[in-house]
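Chemist: Output the structure for:
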Amino acid sequence: MTTTKDDTARSGHDATVAANGHAKKHLGSCHCGTVRFQVEVDVNTASRCNCTICTKTAMTGGIVKPSAFVLLSGEESLGEYVWGRRISRCFFCKQCAIHCFARGHLEQLGGDYVSVNLNCLDDVDVNTLHVVHWDGRHNNWASGPRGTPWPVTEVSGAK
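Modeler: Purely as a prediction, here's the structure:
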């Protein structure tokens, strides 16, 4: 269910994957500390998505290759939530309910990816990060990210 040091994957989104040269190792956890992880991510660019799950959980994510993510503890305490088109599997702590990360496969992100909730990183203030926005609510991944939020209502011709 979780990625270990031996997992590999194709490259992820170029703004946030570890391969871009600006990545740094960070430790993160859920609120109660049961789930702990290490991730190598460039926090200079974060992403937000307007899909219903990201909107309702206020997710600010960093997208990395699965090989850049290591679950250190708490695997037995992870709950999993999958919905809709099954693009992503969200993992949360069963003790404190904090959404820590998600796994998925999306060609527009380079295939397999882990989306880490940057709010869970111990040494990062998400209020200081540059944020790009994705239109996941309308399955408009082909348009890529942009600097302003996508609307949550239907937009004609949003491609």
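Chemist: if I look at the closest residue to Val152 other than its chain neighbours, how far off is His31?
Modeler: Distances taken as C-beta to C-beta, 6 or more residues apart in numbering place Asn50 nearest to Val152, at 5.2 Å, with adjacent residues excluded. From N, CA and C alone the C-beta is placed, and that goes for glycine too. The spacing between Asn50 and His31, counted by C-beta to C-beta, to the nearest Å, is 25 Å.
Chemist: quick one: which of these two has more around it?
Modeler: Asn50 (18 against 13; other C-beta atoms under 10 Å).
Chemist: Run through the residues that contact that one.
Modeler: Residues in contact with Asn50 (C-beta atoms under 8 Å, 6 or more residues apart in numbering) are His133, Trp134, Asp135, Gly136, Arg137, Pro149, Trp150, Pro151, Val152.
Chemist: Swap in 7 Å and give it another go.
Modeler: The neighbours of Asn50, taking C-beta atoms under 7 Å, 6 or more residues apart in numbering as the test, are His133, Asp135, Gly136, Arg137, Pro149, Trp150, Val152.
Chemist: In strands only, show me those residues.
Modeler: His133 (DSSP state E).
Chemist: Can you tell me which of the contacts of Asn50 is nearest Cys96?
Modeler: Of all the contacts of Asn50, Cys96 sits closest to Gly136, with 25.2 Å by C-beta to C-beta.
Chemist: thought the closest one was touching Cys51?
Modeler: Yes: using C-beta atoms under 7 Å, Gly136 is in contact with Cys51, at 3.5 Å.
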